[in-house]
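Participant: Got a predicted structure plus its sequence, pasted below:
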2 protein chains.
Amino acid sequence: MHKEITIYDIAARLNVSAATVSRALKDHPRVSKATKKLIAKTADEMGYRSNSIASNLRKKQSNIIGVIVPRLNSNFMADVLAGIEKVANSNNYNLFISQSLESTKKEASNAKAMLNNRVDGLLVSVAYDTTDFDHFEPFIKRNVPIIFFDRVFEHESCPQIYIDNFKAAHDITDHLIKQGSKRIVHIGGNQLRNVYSERFQGYKRALEENNLTFDKNLVIINDLTSKSGAEAAQEILKMSPLPDGLFVANDICAIGCMQVLKKEGINIPADIAVAGFNNDPTATVIEPSLTTVNYKGYEMGEVAAKLMINRLVDKNDFQETHSLILRSELIIRESSLRNNTKK
Amino acid sequence: MHKEITIYDIAARLNVSAATVSRALKDHPRVSKATKKLIAKTADEMGYRSNSIASNLRKKQSNIIGVIVPRLNSNFMADVLAGIEKVANSNNYNLFISQSLESTKKEASNAKAMLNNRVDGLLVSVAYDTTDFDHFEPFIKRNVPIIFFDRVFEHESCPQIYIDNFKAAHDITDHLIKQGSKRIVHIGGNQLRNVYSERFQGYKRALEENNLTFDKNLVIINDLTSKSGAEAAQEILKMSPLPDGLFVANDICAIGCMQVLKKEGINIPADIAVAGFNNDPTATVIEPSLTTVNYKGYEMGEVAAKLMINRLVDKNDFQETHSLILRSELIIRESSLRNNTKK
DNA sequence: ATTTATAATGCAATCGATTGCATTATATTT
DNA sequence: AAATATAATGCAATCGATTGCATTATAAAT
């Protein structure tokens, strides 16, 4: 059986104290060069592996950042996680990752596990139905920073990172209008979540600005899955007169919808100009390719992780930083470009 | 400033020993019901949060499973992770997740971090160029189980979970041949990796069985990105005579390739019948929809996590389990279905 | 050679929960 | 009531690294 080597074993072997071994291994200036070299060599020979758990306990610091997202298997979240991991890893932080599966209850239990494991900070994109902050309170009380990204939660002591959903939705709706759409359907998600309500508001504002009356019968709220998109298409087909524009709050749902519309003989963009949101990989593959809002998940992850690490390194950093709004861009593709307006 | 409550604080308040508090909190049978209730209540009131770090140190067990994957932002891996997380979470295990970014060096440094943090087990899908086992040896020596999935590494003490890539590739190539293809190009990935070499071998075998001569000029090895697919398309277009079949080792690359072929006026499947691998979401969206191998990442994640947890709970479990081969299925779509063979 | 400054190392407590082995309190049996 | 069994609780060591505060060794200054 393998016996785990500790700094005491090294100390005993070299006839020095454990304190010196500890200091030597972390390159403390108060240990001589020669001793350091010797200790490093011996540690290596003996197969020593530092025990982070013991270190964490003593230092009351874990170098772990907790991450809670609605789901891991979403293209956007995977990008965000990749960005977070990249930054965390290169700053010697480890990642605890869990998913809430859109349930506040699970989000809370995950948060609890993170707290028990004494994560140094928490990055969260909240579940579909999270409306209270109770499960995050203990972090605030203990001064463990929480940063919300994308699906943010409004709280005075938590910075937020997101894109200007209102503006993006406004611009994309405006674009549809400029392309000649007058009756524009909007398919949106749970209005409790900032991302979806802001997209809806942006859509409304664009209509107003263009003197188009808002018709609530043209708004469909669902869970934005591909399947729901297909169902929404059936609803749209029953509308009379048929709408001539469609703005969906995410690409997956937009594409599910488009596929049905196409099958039913609707010509996109001639009959209905369509726009989505997220710039999912499928958006470039569908025909016609889908106009959408590009929205860099990877970058959002990087920014979130950087902000967190800055805060952890320099405790009184982000008192000022409250919101961080990232750039997003309109990507106009075939699904909304009408020939008659092409120049 | 917040003072962290420990079992000692609770013990002091109730005039019992810390041992009793510890036992009560974990529902040890040797503590009376009444005391348990009282302690639970007091702990709650005082805002006690158990410190997993201290517990881990003492128990020499972390309830953490480490996961190392090539990249987090891949559709397949995101599915796998979701499956792993689901199972781990419901069994009270936490997840340390990191990505190697296809670099052995980073894979090794991640492994080291995991070891230092004393993960109870390790789930790994190896980097593109990993050829040695050195960085995993310390785990074996310490009896920390490692399970490889998808991109597996051959090692006597590590179970592997994957699909029968050989058979799937064989079947899909055979299908292309049955559809009338005689000159079939194969685009594959790094042959060091089991997944890609087996797919290549399956392709070869299918050719042999159908008395088609293998032509190494029809094989293109690249990194299987969309961009590389587009470049491969250019190569294919230069071949003379033009091939009439194409089997690509993943969908992303297949689609990158198809898009160029289509643009250049090639008719799919009439001129070239195409098949991919993975059943990526884009495979259903591209036109014509892409024939592929379905390959449940989520399920693979679940299986890997379950096997790991069984092993962790019952130490002498998987001595027997070495390889676990999951089901995969051929999904035939328009990209390979030729009218002349339709019945 | 002595004092003073500086470098190198050691001591011992600490972080918070766990657990084998006592010990004390209560219940049961004779 | 005494003896025995059983339930409930406590003691104290342990897990391994860290660090403030000595202490000792070496170098520089007088």
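Facilitator: Looks like it arrived, so ask away.

Participant: For the residue in the stretch 151-300 of chain A that DNA strand C sits nearest to, which residues are in contact?
Facilitator: Nearest residue of the stretch 151-300 of chain A to DNA strand C (C-beta to the nearest atom of the strand) works out as residue A:157 at 22.4 Å. Just so you know, the C-beta spots here come from the backbone N, C-alpha and C atoms, and that holds for glycine as well. For residue A:157, the contact set (C-beta atoms under 8 Å, 6 or more residues apart in numbering or on different chains) comprises A:140, A:146.

Participant: Ok, the one 10 residues further on next?
Facilitator: For residue A:167, the set of contacting residues under the criterion of C-beta under 8 Å, 6+ apart consists of residue A:202.

Participant: swap in residue A:206?
Facilitator: A:169-171, A:173-174, A:177.

Participant: if we go to 10 Å?
Facilitator: Residues counted as contacts of residue A:206 (C-beta atoms under 10 Å, 6 or more residues apart in numbering or on different chains) are A:169-178, A:184, A:212, A:247.

Participant: Likewise for residue A:253?
Facilitator: Residue A:253 touches A:187-189, A:220, A:222-232, A:276-278, counting by C-beta under 10 Å, 6+ apart.

Participant: With residue A:339 instead?
Facilitator: Residue A:339 touches A:269-270, counting by C-beta under 10 Å, 6+ apart.

Participant: Quickly note the distance from it to residue A:243.
Facilitator: 19 Å (C-beta to C-beta, to the nearest Å).

Participant: Would you list the phi and psi of the closest residue to residue A:140 other than its chain neighbours?
Facilitator: The shortest distance from residue A:140 to any non-neighbouring residue, by C-beta to C-beta, 6 or more residues apart in numbering or on different chains, is to residue A:157 (5.7 Å). In terms of degrees, to the nearest 10, the main-chain angles of residue A:157 are phi -100, psi 10.

Participant: what's the answer for the one 3 residues further on, then?
Facilitator: Per-residue torsions, residue A:160: phi -130, psi 140 (degrees, to the nearest 10).

Participant: do you know how far the residue of chain A most remote from its centre is from DNA strand D?
Facilitator: Using C-alpha atoms, centre = their mean, the residue of chain A lying farthest from its centre is residue A:15. It sits 51.5 Å away. Distance of residue A:15 to DNA strand D, given as C-beta to the nearest atom of the strand, to the nearest Å: 13 Å.

Participant: Tell me the pLDDT of that residue.
Facilitator: You'll see residue A:15 listed with a pLDDT of 95.

Participant: The helix-or-strand element of chain A with minimal mean pLDDT pairs with which strands?
Facilitator: Using mean pLDDT, DSSP states H and E, the weakest-scoring helix or strand in chain A turns out to be strand A:323-326, at a mean of 93. When sheet partners are counted by DSSP bridges, strand A:323-326 sits next to strand A:160-163 (parallel).

Participant: For the partner strand, give the mean pLDDT please.
Facilitator: Here the average pLDDT along strand A:160-163 is 96.

Participant: immediately after it, which helix or strand?
Facilitator: Later in the chain than strand A:160-163, the nearest helix or strand by DSSP states H and E is helix A:165-178.

Participant: Counting by contacts, list what the helix or strand that that following helix is followed by packs against.
Facilitator: Once the chain leaves helix A:165-178, the next helix or strand it forms, by DSSP H and E, is strand A:184-188. Judged by 3 or more C-beta pairs under 10 Å, 6 or more residues apart in numbering or on different chains; DSSP states H and E, strand A:184-188 is in contact with helix A:165-178, helix A:194-209, strand A:219-221, helix A:226-238, strand A:245-248, helix A:251-263, strand A:273-275.

Participant: For stretch A:194-214, output the C-alpha coordinates as PDB.
Facilitator: The C-alpha coordinates for stretch A:194-214 follow below in PDB (Å, rounded to 0.1, in the frame of the first residue of the first chain):
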ATOM      1  CA  ASN A 194     -33.700  39.700 -17.600                       C
ATOM      2  CA  VAL A 195     -32.500  38.400 -20.900                       C
ATOM      3  CA  TYR A 196     -35.900  37.500 -22.200                       C
ATOM      4  CA  SER A 197     -37.900  40.500 -20.800                       C
ATOM      5  CA  GLU A 198     -35.300  42.900 -22.200                       C
ATOM      6  CA  ARG A 199     -35.500  41.300 -25.600                       C
ATOM      7  CA  PHE A 200     -39.200  41.600 -25.500                       C
ATOM      8  CA  GLN A 201     -39.000  45.300 -24.400                       C
ATOM      9  CA  GLY A 202     -36.500  46.000 -27.200                       C
ATOM     10  CA  TYR A 203     -38.900  44.500 -29.700                       C
ATOM     11  CA  LYS A 204     -41.800  46.600 -28.400                       C
ATOM     12  CA  ARG A 205     -39.700  49.800 -28.500                       C
ATOM     13  CA  ALA A 206     -38.700  49.300 -32.000                       C
ATOM     14  CA  LEU A 207     -42.300  48.800 -33.000                       C
ATOM     15  CA  GLU A 208     -43.300  52.000 -31.300                       C
ATOM     16  CA  GLU A 209     -40.500  54.000 -32.800                       C
ATOM     17  CA  ASN A 210     -41.700  52.900 -36.200                       C
ATOM     18  CA  ASN A 211     -45.300  53.700 -35.500                       C
ATOM     19  CA  LEU A 212     -46.400  50.100 -35.600                       C
ATOM     20  CA  THR A 213     -49.000  49.100 -33.100                       C
ATOM     21  CA  PHE A 214     -48.000  46.500 -30.600                       C
END
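
Participant: so for that stretch, what's the average pLDDT?
Facilitator: The model assigns stretch A:194-214 a mean pLDDT of 97.

Participant: cool, stretch A:169-183 as well?
Facilitator: 97.

Participant: buried ones in it?
Facilitator: Going by neighbour count (16 or more other C-beta atoms under 10 Å in any protein chain shown), the buried part of stretch A:169-183 is A:169-177, A:179, A:181, A:183.

Participant: Low-confidence ranges, chain A, go.
Facilitator: Scanning chain A for pLDDT under 70 picks out A:1, A:316-320, A:340-343.

Participant: where along it do the strands fall?
Facilitator: A:64-69, A:94-99, A:121-124, A:146-149, A:160-163, A:184-188, A:219-221, A:245-248, A:273-275, A:292-294, A:323-326, A:329-331 (DSSP state E).

Participant: Save those strands as JSON lines, and put in mean neighbour count and distance to DNA strand C too.
Facilitator: As requested, the strands of chain A are exported to JSON lines (neighbours: other C-beta atoms under 10 Å in any protein chain shown; distance: least, C-beta to the nearest atom of the strand, whole Å):
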{"stretch": "strand A:64-69", "mean neighbour count": "27", "distance to DNA strand C": "16"}
{"stretch": "strand A:94-99", "mean neighbour count": "24", "distance to DNA strand C": "18"}
{"stretch": "strand A:121-124", "mean neighbour count": "25", "distance to DNA strand C": "18"}
{"stretch": "strand A:146-149", "mean neighbour count": "24", "distance to DNA strand C": "21"}
{"stretch": "strand A:160-163", "mean neighbour count": "22", "distance to DNA strand C": "30"}
{"stretch": "strand A:184-188", "mean neighbour count": "25", "distance to DNA strand C": "45"}
{"stretch": "strand A:219-221", "mean neighbour count": "17", "distance to DNA strand C": "45"}
{"stretch": "strand A:245-248", "mean neighbour count": "28", "distance to DNA strand C": "49"}
{"stretch": "strand A:273-275", "mean neighbour count": "29", "distance to DNA strand C": "53"}
{"stretch": "strand A:292-294", "mean neighbour count": "23", "distance to DNA strand C": "46"}
{"stretch": "strand A:323-326", "mean neighbour count": "14", "distance to DNA strand C": "33"}
{"stretch": "strand A:329-331", "mean neighbour count": "16", "distance to DNA strand C": "47"}
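
Participant: can I get these in TSV with distance to residue A:26?
Facilitator: Shown next, in TSV, are the strands of chain A (distance: least, C-beta to C-beta, whole Å):
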stretch	distance to residue A:26
strand A:64-69	18
strand A:94-99	17
strand A:121-124	22
strand A:146-149	28
strand A:160-163	33
strand A:184-188	52
strand A:219-221	55
strand A:245-248	53
strand A:273-275	54
strand A:292-294	44
strand A:323-326	33
strand A:329-331	45
